[in-house]
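K.L.:
got a predicted structure plus its sequence, pasted below:
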Amino acid sequence: MPSAYHPLTEEEAVQYVRSKLPGFFPSDAQLFSREIGDGNLNLVFRVVDASTGRSLILKQALPYARVVGESWPLTLDRARIESEALKVQGKLAPGLVPRVYHSDEDLALTVMEDCSDHIILRKGLIARKRYPRLAEHMAEFLARTLFFTSDLYLSPEEKKARVRRFINPEMCKITEDLVFSHPYYDADTNSFNPLIREDVEAVWKDGDLRREVAKLKESFMTCGQALIHGDLHTGSVMVTEQDTKVIDPEFAYYGPMGFDVGAFLANLFLSYASHEGQTADSEERAAYRQWLLRTAEDVWNGFLERFCRLWDEHVKDEMWSAPGYRDAYILRLLQDSAGFAGCKMMRRVIGLAPVADLETIEPPEVRAVAERQALRIGAQLVLRRGEMRCIGDITELVRREGGAE
Ligand SMILES: Nc1ncnc2c1ncn2[C@@H]1O[C@H](COP(=O)(O)OP(=O)(O)O)[C@@H](O)[C@H]1O
Ligand SMILES: CSC[C@H]1O[C@H](OP(=O)(O)O)[C@H](O)[C@@H]1O
């Protein structure tokens, strides 16, 4: 750990900002600081000038996982990765991530644009809000960040230099454990609704499912296709009706593109399952579920259109231009996305770090209905990913497996 490192207090966050970003606030401004972090890992301070309302976010990594405590030590290098990834993404997808004002490797922190006029997408989805521009923005973010960081665009030398910069072994290990291993056996970290124990035990005994998840785990560990966000769930996206910001890329590394696409789709499908479990008016609930699936389709179709356009404009390598290669690449990406989406759904039902979409459903009997749906959808996405030919096949599967029991 760098000797200068210590976790800041709210007061120290103010002093830090005054000394390192002297022009940001007037020197006589009265600054207020509050720690607002609600994620699993880090401190997040919001510093505000009360008289003008001008503000910023200072995010600092702790040397352990906040959600567990000091017994789970964690690399501070994730703050460097997050800062660098935000800068790369900000260049490739301008306006779709918070601007970085300042980074400090010794204190493991990033000072960035305050997006507090946005809300965390997961909260919006729980409240059944619709976001008309979300699909377009996510399609743009995914297409541009994945295409321009891959071998399709970069020279082999530049690509490998970037792979080196974004080696992120400790954060990848968390995903390898929590997404691809622990949910598939009786691991200590698992935590699930006791009412679905039979369904969870069926997952643990399902040899076909475990074999297919093992293949996806191998792909996560070995396929360095592009600089991926690495944790693109709906808690990592902040929204207004008109705007979208992707935050929190501390899990970024060179991995399979389908892991990002799949993560986002998975969280729309988790929301889909969660609205089955709610007790609100059924017509409104059904209409909202349709909006979620339409959004998933629009994300993929928007992504596909942009990705193909970028391919046609920028791909120069003789071999990447071989007949049928682009279509084969995209089909594999769709099928990978389906498989990764399945894993990301099952981990949120069985493993550590559940999602509020499901966790907040009361009583537990109603929650269990939604959780079983999520498990069924997740398992079928993994098992049948090779049959998926277009996004409609995926949403059809979600509709079928997400029906009443
Ligand atoms: N740039 C930002 N602007 C406004 N709020 C933010 C910003 N970054 C993070 N937050 C708030 O802090 C919370 C935790 O941030 P996040 O980056 O997800 O932390 P963690 O890595 O611990 O999960 C978010 O849910 C959001 O409420
Ligand atoms: C102990 S880390 C668990 C879990 O938390 C991360 O999410 P976030 O930082 O957005 O809260 C990530 O999904 C990890 O798998």
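P.N.:
The structure has been received and is ready for your questions. Ligands and ions are numbered 1, 2, ... in the order given.
K.L.:
next, the contact list for A379, please.
P.N.:
Neighbour list for A379: V203, D206, L209, G342, M346 [criterion: C-beta atoms under 8 Å, 6 or more residues apart in numbering]. Glycine gets a C-beta too; all of them are placed from N, C-alpha and C.
K.L.:
mind listing what's buried in the helix or strand hosting it?
P.N.:
Element membership of A379, judged by DSSP states H and E, is helix 364-383. By 16 or more other C-beta atoms under 10 Å, the buried positions in helix 364-383 come out as 367-383.
K.L.:
nearest spatial neighbour of whatever residue of the stretch 251-400 of the chain ends up closest to ligand 2, skipping sequence neighbours?
P.N.:
Here the stretch 251-400 of the chain gets closest to ligand 2 at one residue, A353, 3.8 Å apart by C-beta to the nearest ligand atom. The spatially closest residue to A353, leaving aside those adjacent along the chain, is N40, at 5.8 Å (C-beta to C-beta, 6 or more residues apart in numbering).
K.L.:
next, the one you found: secondary structure please.
P.N.:
State at N40, reduced to three classes by DSSP: H, G, I helix; E, B strand; the rest coil: coil.
K.L.:
same thing with T395?
P.N.:
Reduced to three states by three-state DSSP, T395 is helix.
K.L.:
list the contacts of the closest residue in space to it that isn't next to it in sequence.
P.N.:
Residue nearest to T395 in three dimensions, not counting chain neighbours: L293, with 4.6 Å by C-beta to C-beta, 6+ apart. Residues near L293 by C-beta under 8 Å, 6+ apart: L268, Y272, T395, V398, R399.
K.L.:
next one: stretch 272-291 to chain centre, how far?
P.N.:
Centroid separation for stretch 272-291 versus its chain: 23 Å, with C-alpha atoms, centre = their mean, to the nearest Å.
K.L.:
can you pull the residues of this protein lying near ligand 2?
P.N.:
When proximity is defined as C-beta under 6 Å from any ligand atom, the chain approaches ligand 2 at 39-41, 65, 67, 174-175, 178, 231, 235-236, 248, 352-353.
K.L.:
among these, name the ones in strands.
P.N.:
Mapping those onto strands (DSSP state E) picks out A65.
K.L.:
keep only the residues of the chain next to ligand 2 that also lie close to ligand 1.
P.N.:
Restricting the residues of the chain next to ligand 2 to those near ligand 1 - C-beta under 6 Å from any ligand atom - leaves G39, N40, L41, D248.
K.L.:
which ChimeraX command selects the buried ones in these?
P.N.:
To isolate the buried members of those in ChimeraX, using 16+ other C-beta under 10 Å:
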select :39,41,248
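K.L.:
if we can go back for a sec, secondary structure class for the residue nearest to T395?
P.N.:
Quick answer, by three-state DSSP: L293 is helix.
K.L.:
which stretches of the stretch 101-250 of the chain form strands?
P.N.:
Using DSSP state E, counting those that start in this stretch, the strands of the stretch 101-250 of the chain run over 109-113, 119-120, 226-228, 237-239, 244-246.
K.L.:
most packed of these?
P.N.:
Mean neighbours per residue, mean count of other C-beta atoms under 10 Å, is largest over those for strand 226-228, with a mean of 27.
K.L.:
what's the closest non-adjacent residue to M238?
P.N.:
Closest residue to M238 apart from its sequence neighbours, by C-beta to C-beta, 6+ apart: H118 at 3.7 Å.
K.L.:
OK, contacts around the one you found?
P.N.:
H118 neighbours (C-beta under 8 Å, 6+ apart): M238, V239, T240, D243, T244, K245.
K.L.:
and for F147?
P.N.:
By C-beta under 8 Å, 6+ apart, the neighbours of F147 are Y153, A226, F307, L310, W311, H314.
K.L.:
what strand or helix carries the nearest residue to it once chain neighbours are set aside?
P.N.:
Spatially, and ignoring its direct neighbours in sequence, F147 is nearest to L310 (4.5 Å; C-beta to C-beta, 6+ apart). With secondary structure defined by DSSP H and E, L310 is part of helix 282-314.
K.L.:
enumerate the positions of the helix or strand that comes right after that helix that are buried.
P.N.:
With elements assigned by DSSP H and E, the helix or strand that comes after helix 282-314 is helix 325-350. In terms of neighbour count (16+ other C-beta under 10 Å), helix 325-350 has its buried residues at 326, 329, 333-350.
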